Structure formats: C-alpha cells, structure tokens
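Undergrad: Kindly return the folded structure for what I paste below:
(chains A and B)
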Amino acid sequence: MNTTRRRWLAGAAALTGSALLPACTASGAKSRVVIIGGGFAGASCARALRSAAPEIMVTLIEPKTTYTACPFSNLVLTGERKLTEQQFTYDALQSLGIELIPTEALDVDPAKRSVRIAAGQPIPYDRLIMAPGIAIDWDALPGYNENAAGSMPHAWQAGPQTTLLRDQLRSLPDGGLVVLAVPESPYRCPPGPYERASLIASYLKRVNPRAKILILDAKDNFSKKPLFLQAWSDMYGDMIEWQGTSEGARVVSVDASTRQLRTDFETVNADVANVIPPQRAGLIAARAGVADKSGWCPIQPATFESRLQPDIHIIGDAAIANAMPKSAFAANAQARLCAVQVARLLRGESPAATKLINTCYSLISADYGISVAGVYRPTPDVWFEVEGAGGISDLDAPIETRRLEAVYARQWFSNLTTQVFG
Amino acid sequence: MTTLTWPLMLTCTLWTAWAAADGKEADSAIETSLLAGSCYGCHAATRGQQGVMPDLWQLSVEQVSARLTDYQRGDREATVMSRIASGYSEREIERLANYFGRATP
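TA: So this is what the prediction gives:
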C-alpha cells in the first residue's frame, strides 16, 4: 500500500470516529498488541501503551528474565559499576498488567497476524511492535565469528561480553596495547566506542599508565569528534591514538588466535582487542520480512509502521529513523510515541504529529561529560533534524560545564531506567 | 443543510489528518502531551521526583515560557537546553508552558 492511500485510509478512519470504532476486534474481544523485545524500546513501549490505552491487552515476548543495559556499561570496564547494577527485571511491568511471555519469538506471519514462539502456541495480534535491537553481523568481518568474540570481545551487547573485556583489561601487560575496531555507520550508540576508549584510558592512567589505546576506525568522522579529540589530548596525552579510514585504518579481517587485526594498511598485534563489528536489526526482523537489504527496518516516520509489512511497527535500534541515532534515549522517545500512535490507530483515530528529542551523553572520565543533542520532526518520508537546534557541547565550555554534564548523564540513566523498568 | 455540511466535514477532517501526517504543527491536546512527552527523556514524567534535573511540574506557565525563550536566545546559562529549546516554535513553547504550568498537583 502506498503512502497516499494509507493516509487516505487514516483520514477515513478518523471520519468514522472513535465512538464507532472502539479498540475492539471484529469479534468484539479486546484488541491485543504484542511487543517483541524487552529492551529500552520494547519495555518502554509496553509501559506507555498500558498507560495510554488500558483497554488494550499488552503482551511482551522476551526470553531473558533480566535486561542488561548498554548505556553506562563502559563504567563496568573501569570497575566503577558492577554488571548487576546494569541489570533490570520485568517485575514492575508485570505488576502493571503487562503480560510477559518469557520465550523467544521465532517468526512472524504478517498475513495471519501471529507470532510463532519457541515454547507455546502462536500468539495472535491486532498490531505487532517489534523492538529486536541489534544482531551482530557475523558474516561482515572475515575472521570474526562467535568463537572469535570469546577472545576478542565486542561487548556491544552488555552482559558476559562486558565482563570479559573488563577482565582482559585488568590483565593487560604493563605498557600493553588495547585496540578498538570501530565499524562504519550505522551501528548502535554512535559515540559509544569513543566513550569506551576514554573510560578505558581513565582506568589505565591509574593502573597501567604506559599502556596505549589505538582506535582503528572505518570512518573519518564520528559523533562529538572535536570534543573527544580535545579531551583526549588534555586528559590522556598520547595514550589514545585515533586513526580514520583515510589513513587506511579500516579493519578488514581479524585473527582471534593471534589477536591480530589487519587493516587496509598494516597488521596490528593487540594485547586486548575490542572488535565492534558491523551490525543489523535483530534476527527476527529479517524473518518477519520487515528488514530491507541494508539489514535495518524501513518505517513510516510518524507511526513507526513498517514500510514492508502491514500492522507491524518497528522501534529502537532496529528501525531506520534517519537523523535519529540508535540510542537508548531515542528508543525510549520512539517507544512512547509509537504507543500513542498504535492506540490511536486501533481506536480508528488518525496518527498524531510531534517532534522528538535525542540527547546522548558521553563520559570522558567519571566526572567529565559531553553531549550531543538533536530535535527531530517527521516528514512523510524521513525523520528530519530541525535546523538551528541541536549540536554538541560548547568546545570552549568551562570545566564546571563538563562536570555538570557528567552529573546529568548519570541522572539521565537513573531517570530512564526508573521510567522504563522501575 | 445536511447534504452541504457532510462534504465540508469530510474535507476538514481529511485535511486535518493530512496536515498532521505531514508533521505540521498541530493543536490537539494529545499532540501537546506528546510534545511534553519529549521532555521525559531527561525530566521526571510525574511530579515530586527527586533529582538534579528541574521538576517541570513545579514551574509556572510564565517560568516555563521564560526559561525556554531565554535558552533559545542564549540568555540563560545551559548545558544542553539551549540546543534543545532552539528546536521549538513560539507556539510550541506556549503549549509546553501551559501544559506544565497549568497541570493540577
């Protein structure tokens, strides 16, 4: 169905009015929204939907009993935070009346509007919201597979990979070399690799001051680059070296048995190698037919409805939200909006329009923070960044501002996790 | 009369739906609450929560409006808020001010 026809239908639906089309299925039963994935996007959406539309039955399919958050997991590497402090349960969601199905979603049948699960009968839905996050693209980097990740951790999905990288850093030889391989965009958390390098440096400066960190980047520009470069030089001297793709730094293959990384230009022997590989939408997106050739999911901006399958919405890292980055902040914002839109569509109302915000904080050290922000508005085709707004922290800001942004970063994480899981 | 009103209503409703879908500034209550919802990425979504970010629910209509306008103009010291406030129109700021300032405790 093309956009114009969809919009005409939305208008026609609005005409008939909510009184004539309550959120009920043809059989008169309650509408049911199924959400796949209990990360920041999925859990936030379940919660927002519960509060926006108590008349809708909300089912969350998530196999893990605890969620391990990626934001702030770089502080697990430095030993400041324990991994358990990154973990959250679904108890609060269940107590709000959200049905939790603790199994894996295997496949989606968009024609029958049902989700096949690992344990149990298929789950029918009136609308499906998919928040599958990312999958590591194991075919993208020669030499890097699930086995290789056991010695060259990606730590890009928080959990055992995070503690593995932490433990490797702890046993780094005196004056050893830590290499971070960073992929091309898009990937989860654009400034994340650079925050990680910063916080690893803050840790090594204390315990292993002769150590070096080399960032091999598959691009030349990255989020908050001037701020990172400035802070690295001010705080860590020459401990962190960044090389972009113009210098031949793109990693083209790795050898896990020797911890070697081969770039366009040279072969690097690492003592610790943190390989952040290319990514795509969580695997079920491709099975459901909502991912395109890029590996990510095209959506209608205003509603996050799939451009490829009917009655399915995609939010969070898996969605192609254009100018909006793949961040927990954006995932939460998209989730709250999508919940309202889905409730409206099920009531026969037209979608509402709004702007969304993103703010990504990065820590350079425990008490030095920087940020990038953006305000976005949906056009019929894309999420577009509002001109004249957003941008990065002031390069000339006083140290007090950096300290404040670190405080705000921590408060943001605390607010977000309380809002979504608390 | 009826025969004349219906097509008119149809046109109006369709026009509204189209305008909304095109991302133009909309005026309904739901859209104001969605606009306010963006603030909860950092600020508390309910009143009375502790934290270092200002509690928007404790501010008056005039305070929300003045602060956002000052942030836009660079007249108020900010970390991130000047960058965010600059993305909103005068009308949107007015709606946010009324939303938070007039909320009943």
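Undergrad: now the helices for chain B?
TA: Listed in chain order, the helices of chain B (DSSP state H) span B:2-21, B:29-37, B:61-73, B:81-85, B:90-101.
Undergrad: which intervals of the chain have sub-threshold pLDDT?
TA: Assuming you mean chain A. A:1-28 (pLDDT under 70).
Undergrad: Switch to chain B, please.
TA: Counting by pLDDT under 70, chain B contains low-confidence residues at B:1-27, B:105.
Undergrad: For chain A, what's its nearest residue on it.
TA: With Cβ to the nearest Cβ as the measure, the residue in chain B that lies nearest chain A is B:Gly87; the distance is 2.6 Å. C-beta here means a position set from N, CA and C on the backbone, and glycine is covered the same way.
Undergrad: That residue and A:Gly374, how far apart?
TA: As for B:Gly87, its distance to A:Gly374 is 8 Å (criterion: Cβ to Cβ, to the nearest Å).
Undergrad: Same check on A:Gly39?
TA: Counting by Cβ to Cβ, the gap between A:Gly39 and A:Gly374 amounts to 21 Å.
Undergrad: neighbour count winner among the two?
TA: A:Gly39 (28 against 23; other Cβ atoms under 10 Å in any protein chain shown).
Undergrad: mind checking how far that one is from A:Lys64?
TA: Following Cβ to Cβ, the distance that separates A:Gly39 from A:Lys64 is 10 Å.
Undergrad: try A:Ala256
TA: 26 Å.
Undergrad: B:Ala85 now?
TA: Between B:Ala85 and A:Lys64 the distance is 38 Å, computed by Cβ to Cβ.
Undergrad: Between these two, tell me which one has more neighbours.
TA: A direct count of neighbours by other Cβ under 10 Å for B:Ala85 and A:Lys64 places B:Ala85 higher, at 23 against 14.
Undergrad: Can you tell me the closest non-neighbouring residue to that one?
TA: Beyond its immediate neighbours in the sequence, the residue positioned closest to B:Ala85 (Cβ to Cβ, 6 or more residues apart in numbering or on different chains) is B:Tyr71, lying 3.8 Å away.
Undergrad: ok, the one you found touching B:Met81?
TA: Yes: at 4.7 Å, B:Tyr71 counts as touching B:Met81 under the criterion of Cβ atoms under 8 Å.
Undergrad: list the contacts for A:Ser253?
TA: By Cβ atoms under 8 Å, 6 or more residues apart in numbering or on different chains, the contact list for A:Ser253 reads A:141-144, A:261-262.
Undergrad: rerun at 7 Å
TA: Neighbour list for A:Ser253: A:141-143, A:262 [criterion: Cβ atoms under 7 Å, 6 or more residues apart in numbering or on different chains].
Undergrad: And for A:Leu180?
TA: Contacts for A:Leu180 were tallied using Cβ under 7 Å, 6+ apart; they are A:193, A:196-197, A:213, A:215, A:274, A:276.
Undergrad: try 10 Å this time
TA: Taking Cβ atoms under 10 Å, 6 or more residues apart in numbering or on different chains, we find A:Leu180 in contact with A:193-194, A:196-197, A:200, A:213-217, A:240, A:242, A:251, A:261, A:270, A:272-276.
Undergrad: same deal with A:Ala197?
TA: Applying Cβ under 10 Å, 6+ apart, we find A:Ala197 in contact with A:74, A:178, A:180, A:182, A:213-215, A:228, A:232, A:236, A:239-242, A:274, A:364.
Undergrad: ok, B:Met81 touching B:Pro54?
TA: Yes: B:Met81 is in contact with B:Pro54 according to Cβ atoms under 10 Å; the separation is 9.4 Å.
Undergrad: what residues are shared contacts of the two?
TA: Joint contacts of B:Met81 and B:Pro54 (Cβ under 10 Å, 6+ apart) are B:42, B:67.
Undergrad: which of the two has more neighbours?
TA: Each of B:Met81 and B:Pro54 has its neighbours counted (other Cβ under 10 Å); B:Met81 has more, 20 against 15.
Undergrad: how far away is A:Gly391 from A:Phe222?
TA: A:Gly391 sits 15 Å away from A:Phe222, taking Cβ to Cβ as the criterion.
Undergrad: brain fart, A:Asp264
TA: As judged by Cβ to Cβ, A:Asp264 and A:Phe222 stand 18 Å apart.
Undergrad: Show me which of those two is the more surrounded one.
TA: More crowded of A:Asp264 and A:Phe222, by other Cβ under 10 Å: A:Phe222, with 18 against 14.
Undergrad: Chain neighbours aside, what residue packs nearest to the more buried one?
TA: Spatially, and ignoring its direct neighbours in sequence, A:Phe222 is nearest to A:Tyr194 (6.2 Å; Cβ to Cβ, 6+ apart).
Undergrad: Touching, the one you found and A:Trp232? I think so.
TA: Yes: the pair formed by A:Tyr194 and A:Trp232 meets the contact definition of Cβ under 10 Å, at 8.7 Å.
Undergrad: Give the intersection of the neighbour lists for those two.
TA: Shared contacts of A:Tyr194 and A:Trp232, defined by Cβ under 10 Å, 6+ apart, are found at A:215, A:240, A:242, A:364.
Undergrad: Could you tell me the end-to-end distance of stretch A:300-309?
TA: Stretch A:300-309 stretches 11 Å from its first residue to its last (Cα to Cα, to the nearest Å).
Undergrad: and that stretch, is it in reach of chain B?
TA: Yes: counting by Cβ under 10 Å from any Cβ of the partner chain, chain B has neighbours in stretch A:300-309: A:300-303.
Undergrad: JSON lines for the residues you listed, including neighbour count, secondary structure and distance to A:Leu100?
TA: Formatted as JSON lines, the entries for the residues of stretch A:300-309 next to chain B read as follows, by neighbours: other Cβ atoms under 10 Å in any protein chain shown; DSSP: H, G, I helix; E, B strand; the rest coil; distance: Cβ to Cβ, whole Å:
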{"residue": "A:Gln300", "neighbour count": "19", "secondary structure": "strand", "distance to A:Leu100": "28"}
{"residue": "A:Pro301", "neighbour count": "24", "secondary structure": "coil", "distance to A:Leu100": "30"}
{"residue": "A:Ala302", "neighbour count": "25", "secondary structure": "coil", "distance to A:Leu100": "29"}
{"residue": "A:Thr303", "neighbour count": "22", "secondary structure": "coil", "distance to A:Leu100": "25"}
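Undergrad: Return the closest of the contacts of A:Ser253 with respect to chain B.
TA: Compare each of these with chain B using Cβ to the nearest Cβ and the shortest gap goes to A:Leu141, at 33.1 Å.
Undergrad: tell me the phi and psi of the closest one?
TA: Main-chain dihedrals, A:Leu141, degrees, to the nearest 10: phi -120, psi 110.
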